[in-house]
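Enquirer: Provided below for reference: sequence and predicted model.
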Amino acid sequence: MSERFNKSKKGMVDVEVGLGGLFKGMGSLFDLIDKMAEEGKKEEVRAGEKDVLGGKGKALYGFSVRVGLGGKPVIESFGNVRTTDAGAVVAEVREPIVDIFDEGDELRIIAEIPGVDEKNIKVEIKDDILTLSAEAGERNYQKEVLLPHTVKPRITGRSYRNGVLELKLGKQ
């Protein structure tokens, strides 16, 4: 396992870590989806973390696979590791898991944003784009989500419990 890191602009750290261990024993993504179908599972989450920069930082990475509408698999990554042309990059900002549910006249959005107070969570809505951000000490989150419908700019319902943010947005 090797580590290579260089401080770059915008608080990003270029890191080469052996993330292959995260997926070890899992087989291919298609095998995972087939296994989920055989077992009747609706969602599978895989995650891991690695100390970087001599213990001064953490590389957090994971993905979720869930069965979407029509039985199509929906794959979403989360964490603070991004793939670039130069390799894996560990960012200071984490990307939360976000699920969207179409409930007729409104959308229900559920985001996992652990370790922050609700007052530190910012939500911005513009047409069909939802932007979530939160900052609390070393925990910084940000994600821009393309919604399946244009929504009204006003949130009709909001709750935050145990690191899970739930929003309800009316469709246009």
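Expert: Received the coordinates, thanks.

Enquirer: from here on, contacts and neighbour counts on C-alpha atoms
Expert: Noted.

Enquirer: residues near the residue lying closest to residue 146 once chain neighbours are set aside, how many?
Expert: If the residues on either side of it in the chain are set aside, residue 146 comes closest to residue 129, at 4.8 Å by CA to CA, 6 or more residues apart in numbering. Neighbour count of residue 129, defined by other CA atoms under 10 Å: 16.

Enquirer: so residue 129 bridges to which residues?
Expert: Here residue 129 sits in beta bridges with residue 126, residue 146, going by DSSP bridges.

Enquirer: quick check: the gap between it and residue 150.
Expert: Distance, residue 129 to residue 150, by CA to CA, to the nearest Å: 8 Å.

Enquirer: check residue 161 too.
Expert: 27 Å.

Enquirer: which of the two has more neighbours?
Expert: Ranked by neighbour count (other CA under 10 Å), residue 161 and residue 150 place residue 150 first, with 17 against 12.

Enquirer: how about the longest helix seen in the chain: buried residues?
Expert: In the chain, with assignment by DSSP state H, the single longest helix is helix 29-39. Buried residues in helix 29-39, counting neighbours by 16 or more other CA atoms under 10 Å, are found at 33, 36.
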